[in-house]
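*Asks:* coords please:
(2 chains)
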Amino acid sequence: MGLVENLGINLGSLIAYLINFLILLALLTFLGYRPIMRMLDQRSAKIKESMDQAEQIREESLRAGEEVKGKLDEARREGQAIIAQAAQVGERVKEEARQEARKEAEKLIAKARLEIQREGEQAREQLRQEFVGLAILAAERVINETLDNKAHQRLIEQVLEESTSLGK
Amino acid sequence: MPQLGCSTRLLVLISIILLALLVMSFLSGAIGSALTGGEPILPNPGEIIQLPAEEVLHIFGFPITNTMIASWLTILIVVGMVYAATRRVRLIPSRLQSFIEFFFGWMLNLCEGAGGKEQGRRFFPVVATIFIFVIMNAWLALLPFFGPGIHVGEAPLFRCANTDINMPLALAIMSFVFVEYWGMSSLGARHYLSRFFNVGPLWGSIKQLFGGKIGAGLNGILSGVIEVFAGFLELLSELVRLVSFTFRLFGNMTAGEILLLIVCFLMPWVLVIPFYGLELLIGFIQAMIFAGLTLGFAAAAIAPREQE
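*Replies:* A predicted model of the protein is given here:
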């Protein structure tokens, strides 16, 4: 076996190298590959988890923003409703006040009218009584100054004149 | 003017020193000394190169070769480095840890790319170990204390383990064994071995022939024989891989070693530096080829054979 000897193939060395390789394989597997692979997996899991978490947080904040916006909208609507209501109430109060004032005024006017009427009535009554008094007075005078037709005539005219001036 | 790492004056100085070294190296090397009639300062590599690894010591009567010592050194250094990196594995890695992680991650990606997620993880330790062992053997052998510098008797104390044919052969055997094991364990031994010993169709057609279907039987026998032959070729190629694996690595590494020795013999200084670079590259390429081919064969071995 010249070739084998020239190249240096020998069973002892071969077996030693096989064992060497297996030892290296075992050492690297336990010291290197396992921990590193575990670490790589762990890290990628961690990164994935963080990214998921970030995504979740983003979504949550988005949702919270939406919620806040919704609430603001609602509040604004509510505020507007309250303002509108207040305006309505104010309007109504104003209307009521106006109505009240008008009623009051009408009442006053009616009362004044009544007063005027009564006063007129009273005046007329007074006038009438005065007129009656005058008539009686005139009659007395007529009777007193008697039978002077001329004087009679003048007296009556005088009384009438007095009454018209009174009637005015 | 492009930025230099040093001042122009320093550059000129370095160039002059390099040039002087080159001239000295030319004069003291084989070519120069032949011209001047002196003796070259390094011995002729033809006299010191021998293919079998030299035995440098004996432990319990078991001969230890210098390549064996070098491979132990490689194992020590690799394991030490990996241990230092992974002693306290952290989620936020140290520099060494992230370097090792980068390398393992790269290897793991290769394996997962070739064999799929699950199978790739089975291949990964073996493929990565082959890569690391080959490349570290090759690169460590470029250090100054390797080779004829430190020697025991006539033989150097350290010699690149890749240049001992037993080591590539052992790796090839390991690669072969693991590939066959993966193939059998993922496809089932019967299915896996049927690609080498494919007598099923032949047997079936012989039964057909005796069952009276002569035409179909004869046709079947023909294709059956071809199947058996193809299986035989497949088996042969599986075994030839052992040889090609072994001699590719052994040849390349030994040639590299000899190349360096010869260049040093011709011109001891300066000129050899580019060849060191070349050897670094070749070490990487050989490691890549050995690991990559193992991975490729493994991926082929677990691929189910289509049934007809």
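*Asks:* OK, contacts around the residue in chain A that chain B sits nearest to?
*Replies:* Per C-beta to the nearest C-beta, A:Gly8 is where chain A lies closest to chain B, at 2.5 Å. All C-beta atoms are positioned from the backbone trio N, CA, C, and that covers glycine. Residues in contact with A:Gly8 (C-beta atoms under 8 Å, 6 or more residues apart in numbering or on different chains) are B:51-53, B:164-166.
*Asks:* Ok, B:Phe290 next?
*Replies:* Residues near B:Phe290 by C-beta under 8 Å, 6+ apart: B:130-131, B:134, B:171, B:175, B:245, B:248-249.
*Asks:* From the residues you listed, list the ones also adjacent to chain A.
*Replies:* B:Leu171 (C-beta under 8 Å from any C-beta of the partner chain).
*Asks:* And the contacts of B:Phe290, which two are furthest apart?
*Replies:* Of all pairs drawn from those, the greatest distance, 14.6 Å, lies between B:Phe131 and B:Arg248 (C-beta to C-beta).
*Asks:* ok, the two, which is more surrounded?
*Replies:* Remark: of B:Phe131 and B:Arg248, B:Phe131 carries more neighbours, 24 against 16, as counted by other C-beta atoms under 10 Å in any protein chain shown.
*Asks:* ok, the more buried one touching B:Ile289?
*Replies:* No: using C-beta atoms under 8 Å, B:Phe131 is not in contact with B:Ile289; the gap is 9.8 Å.
*Asks:* how far does the host helix or strand of A:Arg63 sit from the chain's center?
*Replies:* Per DSSP states H and E, A:Arg63 falls inside helix A:34-145. On the basis of C-alpha atoms, centre = their mean, to the nearest Å, helix A:34-145 sits 11 Å off its chain's mean C-alpha point.
*Asks:* And B:Ala299, how far from B:Phe245?
*Replies:* 16 Å (C-beta to C-beta, to the nearest Å).
*Asks:* out of the two, which sits in the busier spot?
*Replies:* Under the criterion of other C-beta under 10 Å, the comparison of B:Ala299 against B:Phe245 puts B:Phe245 first, with 24 against 19.
*Asks:* Need phi/psi at the more buried one.
*Replies:* phi -50, psi -50 (degrees, to the nearest 10).
*Asks:* Show me what the next helix or strand after the helix holding A:Arg63 is packed up against.
*Replies:* Per DSSP H and E, the first helix or strand lying C-terminal to helix A:34-145 is helix A:149-167. Here helix A:149-167 touches helix A:34-145, going by 3 or more C-beta pairs under 8 Å, 6 or more residues apart in numbering or on different chains; DSSP states H and E.
*Asks:* So for the helix it packs on, mean pLDDT?
*Replies:* For helix A:34-145, mean pLDDT rounds to 89.
*Asks:* Which secondary structure elements does that helix sit against?
*Replies:* Looks like helix A:34-145 contacts helix A:149-167, helix B:95-140 (3+ C-beta pairs under 8 Å, 6+ apart).
*Asks:* out of these, deepest packed?
*Replies:* Most buried of these, by mean neighbour count (mean count of other C-beta atoms under 10 Å in any protein chain shown): helix B:95-140, with a mean of 20.
*Asks:* on contacts alone, who are the packing partners of that helix?
*Replies:* For helix B:95-140, the elements it packs on are helix A:11-28, helix A:34-145, helix B:66-86, helix B:166-187, helix B:214-266, helix B:272-302, judged by 3+ C-beta pairs under 8 Å, 6+ apart.
*Asks:* now that helix, how far from the centre of its chain.
*Replies:* Mean-position distance between helix B:95-140 and its chain equals 14 Å (C-alpha atoms, centre = their mean).
*Asks:* and what of stretch A:16-26?
*Replies:* Per C-alpha atoms, centre = their mean, the displacement of stretch A:16-26 from the mean C-alpha position of its chain is 87 Å.
*Asks:* swap in stretch B:143-155?
*Replies:* Remark: stretch B:143-155 is offset 23 Å from the chain centroid, using C-alpha atoms, centre = their mean.
*Asks:* Same check on stretch A:33-44?
*Replies:* Offset of stretch A:33-44 from its chain centre (C-alpha atoms, centre = their mean): 64 Å.
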